[in-house]
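Q: next come a sequence and a model predicted from it.
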Amino acid sequence: MAAAGPAPLVPAEAEALVRALQGTELRDTGGHGWLRQHEYVEKLNMHTILSASVGQEQLLTELLVTHAKIPVLIGELISAEIWKHKIFPVLCQLEDFKPRSTFPIYLVLHHEASIINLLETVFFHKEICESAEDSILDLIDYCHRKLTLLAARSANGQMVTLAELRPEDLPSPSSMQELQKQAETMEFEIALKALSVLRFITDQVESLPLSALTRMLNTHNLPCLLVELVEHCPWSCREAGKLKKFENGTWHVVPPEDQVKMTKLDGQVWLALLNLLLSPECQRKYHFDGFNKSQLLKLRAFLTDVLIDQLPNLVEMQRFLSHLAVTEPAPPKKDLVLEQVPVIWDHILKKNTGKWEAITKHQVKHVFSPTEEELKLQARRWAQTYSLDMMEALAPDKPRCTVCGVEAAKRCSRCRNEWYCTRACQVQHWQKHKAACNLMAEALRAEDL
């Protein structure tokens, strides 16, 4: 009889983790208290994915709502984003900073990805969106920033693909340059998660605060931004004459017969557009001026019969655009209301502006220069958090070679963490992998004792 896979957390453990979630100061990022919070987020993240896969995510949803933790997670998400934009570049420019291991810095970079992944999984539920309260404005701004950068990079041909990020093209093992490349890849994947979160927010346009609707439609003009994403499709590219699409965390070559199939990401953009353009309340508030109208009418070229067959609701979009083309919609009705504004981003910036270098030096000294013993202790804790059974259960596809990205069948026998397609790839990667392998292997041995 086959062994059962890893089970989600028991309710009492899930509640303890949710209760323990709390905000942290930017200066304390990477420290002991922050690491505990990151560990809680990672465990909840893995628990949520496993629970959702068996239709049991309702418990965590209720816990996050009951204990009012969605605003906490949004605050931590924006704090991680600011750290990456303000502290990480200074860290990379320090000539005398040669860390023994870049793993502690990688954890900080990964924190943003972990939180947005958790939010993507739970924001499907209406009660989660409502429990965000005023912080929903901050989350809308966050998604707008990510998608604006994604659209701009795609329009300029600056997308990051697997071919650009092969480890063998980079210098010394565990270098800051390699970390910067990893951050670029992560930024792309975070933006795609932000797209899903935004789409789930638009599902609730009827119950969102008036300020949230105004922010999406008029402050940020999200309909036109979504049109840009339809036009440039950042998760699709051509390489060596082959069409590649980004799905489930990797780029795949698309066979000719599947090239007209709508991906999940395509669907998220179209669903968000349907929510924002066909809702009566949105139509009443949106300004259909000459520019906006011309941008929206570009969508007609993409509404083919093949696309509509895959998402029949787009028939309504087609009708709306046909009507828009021959009419002049009335100007938006102006509501005399006191508009709320997002506060988290501005609060963190105001508190730390002028202190970026001082914060960086503090973190270099107290967080990112751990001793050998501290690294071993940290590796031991993460070996417990990321159990191999859990990671395999969460993996969407078969493992791929760390070096070349093809499907892999060989695993490092010491740390059991990295995969390779051939012995040659394993030997080529050893100098980069050696330090992390020694740490993880020792952590696993200690766990077995």
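A: Here it is on my side, so go on. Keep in mind it's a predicted model, so treat the numbers as computed, not measured.
Q: please make it C-alpha for all contacts and neighbour counts, starting now.
A: Will do.
Q: my read: Glu357 touches Ile87, true?
A: Yes: judged on C-alpha atoms under 8 Å, Glu357 makes contact with Ile87 at a distance of 7.5 Å.
Q: neighbour count: those two, which is higher?
A: When Glu357 and Ile87 are compared for neighbours, Ile87 comes out ahead with 22 against 14, by other C-alpha atoms under 10 Å.
Q: is it true that that one touches His362?
A: No: between Ile87 and His362 there is no contact under C-alpha under 8 Å: 10.9 Å.
Q: now do the contacts for the spatially most central residue of the chain.
A: By C-alpha atoms, centre = their mean, the chain has its centre lying nearest to Ile190, at 2.6 Å. Ile190 makes contact with 112-113, 116-117, 146, according to C-alpha atoms under 8 Å, 6 or more residues apart in numbering.
Q: which of those residues lies closest to Pro11?
A: The closest of the contacts of Ile190 to Pro11 turns out to be Asn117 (C-alpha to C-alpha; 20.9 Å).
Q: just checking, the closest one touches Lys193?
A: Yes: if you go by C-alpha under 8 Å, Asn117 and Lys193 touch, sitting 6.5 Å apart.
Q: what ranges do the strands span in the protein?
A: 236-239, 242-247, 250-253, 410-411, 419-420 (DSSP state E).
Q: could you list the residues in contact with the last one?
A: To tie it back to what came earlier, the one meant is strand 419-420. Strand 419-420 is contacted from outside by 399-403, 408-412, 426, using C-alpha under 8 Å, 6+ apart.
Q: and these, which are buried?
A: 399-403, 408, 410-411, 426 (16 or more other C-alpha atoms under 10 Å).
Q: looking at those, which are in helices?
A: Residues of the buried ones among the contacts of strand 419-420 located in helices (DSSP state H): Gln426.
Q: closest to Glu25 out of the buried ones among the contacts of strand 419-420?
A: Set against Glu25, the nearest of the buried ones among the contacts of strand 419-420 by C-alpha to C-alpha is Thr402 (34.6 Å).
Q: residue contacts, that closest one?
A: 418-420.
Q: hmm, try it at 6 Å
A: Residues near Thr402 by C-alpha atoms under 6 Å, 6 or more residues apart in numbering: Trp419.
Q: and Val341, by the same measure?
A: Going by C-alpha under 6 Å, 6+ apart, Val341 touches no other residue.
Q: roughly how far apart are it and Val427?
A: Distance of Val341 to Val427, given as C-alpha to C-alpha, to the nearest Å: 54 Å.
Q: ok, now Lys146?
A: Lys146 sits 38 Å away from Val427, going by C-alpha to C-alpha.
Q: Leu150 too?
A: Distance, Leu150 to Val427, by C-alpha to C-alpha: 36 Å.
Q: neighbours around Ala12, how many?
A: Here the number of neighbours of Ala12 (other C-alpha under 10 Å) works out to 9.
Q: repeat for Ser322
A: Using other C-alpha under 10 Å, Ser322 is surrounded by 13 other residues.
Q: try Ala16
A: 12.
Q: same check, this time on His347
A: Using other C-alpha under 10 Å, His347 has 10 neighbouring residues.
Q: so who does it touch?
A: Neighbours of His347 in contact, by C-alpha under 6 Å, 6+ apart: none.
Q: and for Asp266?
A: Asp266 touches nothing, counting by C-alpha under 6 Å, 6+ apart.
Q: and it, how far from Phe88?
A: As defined by C-alpha to C-alpha, Asp266 lies at a distance of 32 Å from Phe88.
Q: over to Arg300?
A: 42 Å.
Q: now Arg153: how far from Thr48?
A: Taking C-alpha to C-alpha, one finds Arg153 at 31 Å from Thr48.
Q: looking at those two, which is more packed in?
A: Neighbour count, other C-alpha under 10 Å: between Arg153 and Thr48, Thr48 has more, with 26 against 16.
Q: neighbours around Cys237, how many?
A: Using other C-alpha under 10 Å, Cys237 has 19 other residues around it.
Q: give the contact list for the closest residue to it other than its chain neighbours.
A: With sequence-adjacent residues excluded and distances taken as C-alpha to C-alpha, 6 or more residues apart in numbering, Cys237 is closest to Lys244, at 5.3 Å. Counting by C-alpha under 6 Å, 6+ apart, Lys244 touches 236-238, 252-254.
Q: how does it look with 7 Å?
A: Counting by C-alpha atoms under 7 Å, 6 or more residues apart in numbering, Lys244 touches 236-238, 251-254.
Q: show me which of the residues you listed is closest to Leu314.
A: For these, the nearest to Leu314 is Ser236 (21.2 Å; C-alpha to C-alpha).
Q: quick one: pLDDT of the closest one?
A: Per-residue pLDDT puts Ser236 at 91.
Q: use 22 as the first number for this chain going forward.
A: Happy to do that; since the first residue is 22 now, the last one works out to Ser257.
Q: how close does it get to Leu250?
A: 11 Å.
Q: Trp256 reaches Phe267, doesn't it?
A: Yes: with contact defined as C-alpha atoms under 7 Å, Trp256 reaches Phe267; the gap is 5.1 Å.
Q: pull the CA atoms of stretch 115-129 into PDB?
A: Extracted in PDB, the C-alpha atoms of stretch 115-129 (Å, rounded to 0.1, in the frame of the first residue of the first chain):
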ATOM      1  CA  LEU A 115      29.100  47.400  -0.500                       C
ATOM      2  CA  GLU A 116      32.600  46.500  -1.800                       C
ATOM      3  CA  ASP A 117      33.900  45.100   1.500                       C
ATOM      4  CA  PHE A 118      30.800  42.900   2.100                       C
ATOM      5  CA  LYS A 119      31.800  39.300   1.200                       C
ATOM      6  CA  PRO A 120      29.200  37.100   3.000                       C
ATOM      7  CA  ARG A 121      30.100  33.500   4.000                       C
ATOM      8  CA  SER A 122      26.700  32.500   2.700                       C
ATOM      9  CA  THR A 123      24.000  34.500   0.900                       C
ATOM     10  CA  PHE A 124      21.300  32.300   2.200                       C
ATOM     11  CA  PRO A 125      20.100  34.700   5.000                       C
ATOM     12  CA  ILE A 126      19.700  37.500   2.300                       C
ATOM     13  CA  TYR A 127      17.900  35.100   0.000                       C
ATOM     14  CA  LEU A 128      15.400  34.400   2.800                       C
ATOM     15  CA  VAL A 129      14.600  38.100   3.000                       C
END
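Q: and that stretch, which residues are buried?
A: By 16+ other C-alpha under 10 Å, the buried positions in stretch 115-129 come out as 120, 122-127, 129.
Q: for it, what is the average pLDDT?
A: Here stretch 115-129 scores 86 as its mean pLDDT.
Q: got it, and stretch 402-412?
A: Averaging pLDDT along stretch 402-412 gives 61.
Q: re the thing from before, Gln203 is nearest to which of the strands of the chain?
A: Closest among those, using C-alpha to C-alpha: strand 271-274, at 13.7 Å.
Q: who's in contact with Pro363?
A: Taking C-alpha under 7 Å, 6+ apart, one finds 156, 158-159 in contact with Pro363.
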